[in-house]
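Novice: Here is my input; please provide its structure:
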Amino acid sequence: QEPLPSLLLLHAPVLDDRHTTVSSQAITDPRTWNRAGSQRGWRSYLGPVADAADVPAYAAPARATDLAGLPPTALILGDLELARDEALTFATRLAQADVPVELHIYPNATHGFDVVVPDAAVSLASRHVQGEALLRALHPADHGRPD
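Specialist: Numbering: from 1, shown residues only. Modelled structure (predicted):
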C-alpha cells in the first residue's frame, strides 16, 4: 500500500540472475559487460542465495510472477547488451500486465554505451529519450498525460 514511483527508468537493466537467454550466453567479449562478469556480479549481489531456486523477485525482477501494478516503465538498452533478451521479455510481460512500457533498443550498442562513448550520436539520443521519459513522468500535465 506504499506510493509507487512515477516511473521505473531502467537503463541497461540486468534483471535475471539465471543467464538462460540467447544474449546472456552469446555476449562473452571482455571489452563489455559479459557473461563471466555478470555471473560474478550476481554472486556478489545475492550472496549465499545465489545458487538457490528461491532468489527473491525484488533482487532479480525477472523472477517476479506478477508485474501488475508496477509503475510505468521505460527500458533503454543496446542490442549488443548481455541482458537484451531478458529486458525484451520483461517489457513484454509488463505490457501483458497492462503496465505502460516504453522500450528503446539502440543498434550496435553494448552495455554502458552512453557512458563509454558519451558524445556519440547514439549516446546523445539515449540520454534525450531518458530525459523525455523523466519529464513526462514528473510533469504529466505538461506532457499530455493526466495527473
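
Novice: Return the set of buried residues in stretch 103-112.
Specialist: For stretch 103-112, burial by neighbour count (16 or more other CB atoms under 10 Å) applies to 103, 106, 109-111. (Each C-beta comes from the backbone N, C-alpha and C, glycine too.)

Novice: Using CSV, list the CA coordinates for it.
Specialist: In CSV, the C-alpha atoms belonging to stretch 103-112 read as follows (Å, rounded to 0.1, in the frame of the first residue of the first chain):
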residue,chain,number,x,y,z
LEU,A,103,11.2,0.3,-25.0
HIS,A,104,14.2,1.7,-26.8
ILE,A,105,16.9,-0.5,-28.3
TYR,A,106,19.9,1.0,-29.9
PRO,A,107,21.7,-0.9,-32.7
ASN,A,108,25.3,-1.8,-32.3
ALA,A,109,25.4,-0.6,-28.7
THR,A,110,26.9,-2.5,-25.8
HIS,A,111,26.3,-2.2,-22.1
GLY,A,112,27.0,1.3,-20.8
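
Novice: Now find how far off-centre stretch 86-102 is within its chain.
Specialist: 11 Å (CA atoms, centre = their mean, to the nearest Å).

Novice: and for it, what are the contacting residues?
Specialist: If you take CB atoms under 8 Å, 6 or more residues apart in numbering as the criterion, stretch 86-102 is touched by 10, 13-16, 21, 23-24, 61-62, 66-75, 77, 81, 103, 105, 133.

Novice: now do stretch 111-118
Specialist: 11-12, 32-33, 78, 81-83, 106, 110, 120, 122-123, 126-127.

Novice: Pull out the buried residues from it.
Specialist: 111, 113-114.

Novice: Just send those back as TSV, with secondary structure too.
Specialist: Formatted as TSV, these follow (DSSP: H, G, I helix; E, B strand; the rest coil):
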residue	secondary structure
His111	coil
Phe113	helix
Asp114	helix
